[in-house]
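1. test case, fold it:
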Amino acid sequence: MKNQKTGFVSGTVVHTPCGLKPIQALQIGDLVLTRSPQGETSYKPITQIDKTVQAIYRCTLLAQQADQQCTVHYLFTTAEQQIFADSDWIKVLESEEYRCNTYNLSQQPLSLWQPKPVFAASNRKQQTFGLNAATFSQDIQLNGQDDEFIYISPEGLIHHQPNSNQYSFAKVTAPLSLNSVNWHNINKKTLVLPVYQLHLSNSDNYFVGQEGILARAA
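-> Next up, the predicted model:
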């Protein structure tokens, strides 16, 4: 039985013959880049696309720079989604306790680290945004100045850190009004968003993200 609790949020790019395409823009018959058990890459057609609503996790991709590891990107996916790392398929949530070395298309080693649930909040203007779980694991006073905010557009597109251009899945068309948030009354509610999962012909994987992380298909 296929796992219906996997997939990636809108804006996650997938590698195709025409370049990187957002997963929500793909259609049945489109070709996506895959990897064979022998390590050869080729393009395979999409045979089915599942769209479900799931709790969202933020996965951090780290690269070694000088004497420290730095964040290069994020993946927003589900706890059950599998990534090829350390020469095996692992569920995202299984990488919580250690840094997993991913198989990817970039020219540098990338580690998957600390998948964390994203929590939903809203302001008085009824704009929904996300808060990283780390915000709730520390004894800090929320005041709108932290860098852990995740803007969610009405189309479900994520823009991480609304006041910067980093890690963006979409342009912000309606700036998030943080001054209309009641910071003394933030509920810890899991963020759920639509996610997309691909079924492919003669392949069980495809590459996602700018760095080309190998993800398991349905």
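2. please identify the buried residues of the top strand by length along the chain?
-> For the chain, the strand with the greatest residue count under DSSP state E is strand 41-55. By neighbour count on 16 or more other CB atoms under 10 Å, the buried set for strand 41-55 is Lys44, Ile46, Ile49, Gln54, Ala55. No exception for glycine: its C-beta is placed from N, CA and C like everyone else's.
3. so which helix or strand takes in Trp89?
-> strand 88-91 (DSSP states H and E).
4. can you tell me the strand partners of the next helix or strand after the longest strand of the chain and which way each runs?
-> Using DSSP H and E, the helix or strand that follows strand 41-55 in sequence is strand 57-65. Strand 57-65 has the following strand partners under DSSP bridges: strand 68-77 (antiparallel), strand 110-122 (antiparallel).
5. re earlier: need the buried residues of strand 41-55 in TSV with distance to His73 and pLDDT, can you?
-> Formatted as TSV, the buried residues of strand 41-55 follow (distance: CB to CB, whole Å; pLDDT from 0 to 100):
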residue	distance to His73	pLDDT
Lys44	24	98
Ile46	24	98
Ile49	23	97
Gln54	20	96
Ala55	21	94
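6. out of those residues, which is nearest to Gln24?
-> Closest approach to Gln24 among the buried residues of strand 41-55 (CB to CB): Ile49, at 9.0 Å.
7. need the contact list for the nearest residue to His73 once chain neighbours are set aside.
-> Of all residues not flanking His73 in the chain, Leu61 sits nearest, at 4.6 Å (CB to CB, 6 or more residues apart in numbering). Applying CB atoms under 8 Å, 6 or more residues apart in numbering to Leu61 gives the contacts 71-75, 102, 110-113, 209, 211, 213.
8. quick check, nearest of these to Ser95?
-> Among the contacts of Leu61, and counting by CB to CB, the member closest to Ser95 is Leu112, at 4.9 Å.
9. show me what the closest one is bridged to.
-> With DSSP bridges as the rule, Leu112 is bridged to Leu61, Cys100.
10. just checking, it touches Glu94?
-> No - contact criterion CB atoms under 8 Å: Leu112 and Glu94 do not qualify, at 9.8 Å.
11. who's more crowded, these two?
-> Legend: neighbour count by other CB atoms under 10 Å for Leu112 and Glu94, higher for Leu112 (25 against 17).
12. from Asn205, how far off is that one?
-> Counting by CB to CB, to the nearest Å, the separation of Leu112 from Asn205 is 15 Å.
13. nearest residue to the middle of this structure?
-> Geometric centre of the chain, nearest residue: Phe76, 1.7 Å, by CA atoms, centre = their mean.
14. picking that back up, tell me which of the strands paired with strand 57-65 lies nearest to Arg35.
-> strand 110-122 (15.6 Å).
15. sorry, back to before: the strand holding Trp89: partners in the sheet, and parallel or antiparallel?
-> strand 82-85 (antiparallel).
16. report the rounded mean pLDDT for the partner strand.
-> Average pLDDT, strand 82-85: 94.
17. any low-confidence regions in the chain?
-> 1-3, 96-98, 133-148, 159-176, 178-180, 182-187 (pLDDT under 70).
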